[in-house]
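**Student:** let me see the structure of the following:
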Amino acid sequence: MIKKIDNIQELLNPWINNIPYKKIYNINLYISKIKMGDLFIILQKTKKSKKKYIIKAIKNKASVILYETKKNKHGLCISTQSHTIIIYFKKLNQYIHKIYERFFNYPQKKIKLIGVIGTYGKTTVTHLIAQWKKLINKKIGTIKNLENKINKPKYIINNKYLNHSIQKKLYHLVKKKINISTIELSSNLLITKQISNLKFESVICTTLNYNNLDGQKNMFQKEKIKFSFLNSEKIKTIILNGDENITHYWIKNFKKKKIISVTTLKTDNIFNTKYWINATKIIYNISYTKILFNSTWGSGNLESSLLSDFNVNNILLALATMLLENYSLNILIKSSKFLNPIHRKMEKIKKKNSPLFIINNIHSPQILYRTLYSLKNYNYEKIWCILGYEEIRDISERKIIGNIVEKFSDFVIFINSYINNEKKNLIIKDILKGCYKKNKFFIFHSIKQTIQFIFSQTNKYDMILISEKEEKVKKIIKYINIILKKNF
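**Tutor:** This next block holds a predicted model:
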């Protein structure tokens, strides 16, 4: 059973040893969130703002205030009339992550971490691993969207809040008796070294292709940072998507690393690694995707309801992770047919004799291209695309998106609920600028009208990709279900 080190005397004992006993309930960096009994940490403030923060923290009945000092006052302890202790700590900034670890009683010593990095596929892979674990009655934690907890851009650079967030999440997982967890790692987390103190049992690398709009310099920088991270001593095993162009170079330059290469439709063990998986044949069907594979662990056929070729990679990366934990290949093969699509990521809606609706509501140029391109694997007559445009703020992206949907869709629909909004209308105009076949594009002003039109123009051999924001997706699904219930 894990228990917090919840008194200031024991917590700071490695660095300061003349502190009185004082109970603390939580560590807080934000003056607006201080509660009774908190340890409040003040970092890098002006003298005037520090004084203001101290007064407010005392008013809010903080137990302890940890005060960063550059002067020779380290260890000085002042007790106020309100029974709040103020402690001076030299170079506090450098010790903050160690204080968090110690407060939560070093949770990482009791839990293994599986990191997931890559431009795309992180969420899908973590969900697939979690589903697979549940199917074989095993527990796993999932840590994701760490940066979503950070409201202000300055805190993305400052990793102090994030350290607290990670340690807290690990602590709660250990409390639930979970001894392994996946953790999604964005490029920002790697660039700012916000997880440099964590150790990983394995790290999965999903994809390495970057946004073309990042620029070549930024692209190479991200590539270098990912390689440096993967090559660190804190990672035991690397699971690589071998279909990426750079994989061969990386494998050749990794030093003393256990590597699992995952490939599709290539020569078996093309990179000569000790551990490998290769899909030898892929059969695409709207009801299931069948993956025939060879591997270090043996051969077999996986069957999944997930659509698209990129999900083949995701399934095999998840399989490699499970095999690394010594789960039976036969059990994993049998349970693979019960893996479900992730919420709003290639979700399917279909009834007998109805067209197929696919929801993938992230619409960056790269994801839109990958999604539409992958649909060509299926035997359907026409591909329609309901294209969400409101969040395409980058002008240079609009033309690219227009070219993608024109090339890979037979028809494209915009739902423009803002008839008199010039900014919204301008986005549609920008998308259409680089398109030649304007007769492929339709603009409707209501969702109900859009869905009625689609059903009137399509049949069971057509597919409709819905690439819209969540607010509209919910309404689109509502009208689809009304018509399906009435006519199919």
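
**Student:** wait, is F414 part of a helix?
**Tutor:** No - assigned with DSSP: H, G, I helix; E, B strand; the rest coil, F414 falls outside any helix and is strand.

**Student:** separation between it and K133?
**Tutor:** Distance of F414 to K133, given as Cβ to Cβ, to the nearest Å: 41 Å. For the C-beta atoms, the positions are set from N, CA and C on the backbone; glycine is no exception.

**Student:** what's in contact with the top strand by length along the chain?
**Tutor:** Using DSSP state E to define each element, the chain has its longest strand at strand 275-284. Outside strand 275-284, the residues within contact range by Cβ atoms under 8 Å, 6 or more residues apart in numbering are 242, 258-270, 289-297, 309, 312, 316, 319-320, 323-324, 377-378.

**Student:** which of those residues fall within strands?
**Tutor:** Counting by DSSP E, the part of those found in strands is 258-264, 289-295.

**Student:** quick one: buried residues of the longest strand of the chain?
**Tutor:** Under the neighbour-count criterion of 16 or more other Cβ atoms under 10 Å, strand 275-284 has Y275, W276, I277, N278, A279, I282, Y284 buried.

**Student:** how far off strand 258-264 does it point, in degrees?
**Tutor:** For strand 275-284 against strand 258-264, the angle by axes from the mean of the first three to the mean of the last three Cα atoms, to 10 degrees is 20 degrees.

**Student:** for strand 275-284, what is the average pLDDT?
**Tutor:** In this model, strand 275-284 has a mean pLDDT of 97.

**Student:** can you give me how far that strand is from the chain middle?
**Tutor:** Taking the mean of its C-alpha atoms, strand 275-284 sits 25 Å from the chain's own mean (Cα atoms, centre = their mean, to the nearest Å).

**Student:** list the strands paired with it, with their directions.
**Tutor:** For strand 275-284, the paired strands and their directions (DSSP bridges) read strand 258-264 (parallel), strand 289-295 (antiparallel).

**Student:** pick the most buried one from the ones you listed.
**Tutor:** Stretch with highest mean neighbour count among those: strand 258-264 (a mean of 23; mean count of other Cβ atoms under 10 Å).

**Student:** which outside residues touch that one?
**Tutor:** The contact list for strand 258-264 (Cβ under 8 Å, 6+ apart) reads 236-243, 247, 251, 269-271, 273-279, 282, 296, 309, 312-313, 316-317, 320, 324.

**Student:** got it, and stretch 132-141?
**Tutor:** 111, 129-130, 169, 173, 176-182, 318, 322, 327, 331-332, 335-336, 338-339.

**Student:** and it, what's buried?
**Tutor:** Along stretch 132-141, these residues count as buried under the neighbour rule (16+ other Cβ under 10 Å): W132, K133, L135, I140, G141.

**Student:** now the two most distant members of these.
**Tutor:** The distance between the two most remote of the buried residues of stretch 132-141 (Cβ to Cβ) is 16.6 Å, for L135 and G141.

**Student:** restricted to helices, list the contacts of stretch 132-141.
**Tutor:** I129, A130, K169, L173, A318, M322, I331, L332, S335 (DSSP state H).

**Student:** low-confidence bits of this structure, can you list those?
**Tutor:** Scanning the chain with the threshold set as pLDDT under 70 gives 44-48, 147-161, 209-218, 363.

**Student:** okay, now the domains of it?
**Tutor:** The chain breaks down by automatic domain parsing into domains covering 8-95, 107-338, 345-487.

**Student:** for M1, find the nearest of those.
**Tutor:** Nearest to M1 among these is domain 107-338 (7.9 Å), distances taken as Cβ to Cβ.

**Student:** and the closest one, how far out from the chain's middle?
**Tutor:** 11 Å.

**Student:** go on, stretch 331-346?
**Tutor:** On the basis of Cα atoms, centre = their mean, stretch 331-346 sits 18 Å off its chain's mean C-alpha point.

**Student:** just to revisit the earlier point, can you redo the domains of the chain as CSV with distance to I2?
**Tutor:** Compiled in CSV, the domains of the chain are given as follows (distance: least, Cβ to Cβ, whole Å):
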stretch, distance to I2
domain 8-95, 15
domain 107-338, 5
domain 345-487, 34
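
**Student:** among these, which is nearest E101?
**Tutor:** It's domain 107-338; of the domains of the chain, that one is closest to E101 (Cβ to Cβ) at 5.8 Å.

**Student:** mind checking the end-to-end distance for the closest one?
**Tutor:** End-to-end span of domain 107-338 (Cα to Cα, to the nearest Å): 33 Å.

**Student:** gap between I477 and L484?
**Tutor:** In this view, I477 and L484 are 10 Å apart by Cβ to Cβ.

**Student:** spell out which helix or strand contains Y100, please.
**Tutor:** Y100 belongs to helix 92-103 when assigned by DSSP states H and E.

**Student:** can you pull the buried residues of that helix?
**Tutor:** Across helix 92-103, burial judged by 16+ other Cβ under 10 Å covers L92, Y95, I96, H97, I99, Y100, E101, R102, F103.

**Student:** mind listing what the second one touches?
**Tutor:** What that stands for is Y95. Y95 is in contact with W15, F89, counting by Cβ under 8 Å, 6+ apart.

**Student:** what do you get if the cut-off is 7 Å, keeping everything else the same?
**Tutor:** Y95 makes contacts with W15, as judged by Cβ atoms under 7 Å, 6 or more residues apart in numbering.

**Student:** same question, the fourth one
**Tutor:** For H97, the set of contacting residues under the criterion of Cβ under 7 Å, 6+ apart consists of N163, N197.

**Student:** still on that earlier bit, I'd like the next helix or strand past the helix holding Y100.
**Tutor:** Following helix 92-103 in sequence, per DSSP H and E, is strand 112-117.

**Student:** strands paired with that following strand, and their directions?
**Tutor:** Using DSSP bridges, strand 112-117 pairs in its sheet with strand 180-184 (parallel), strand 200-205 (parallel).

**Student:** can you put these in TSV and add mean neighbour count and distance to T69?
**Tutor:** Below are these laid out as TSV (neighbours: other Cβ atoms under 10 Å; distance: least, Cβ to Cβ, whole Å):
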stretch	mean neighbour count	distance to T69
strand 180-184	22	34
strand 200-205	23	35
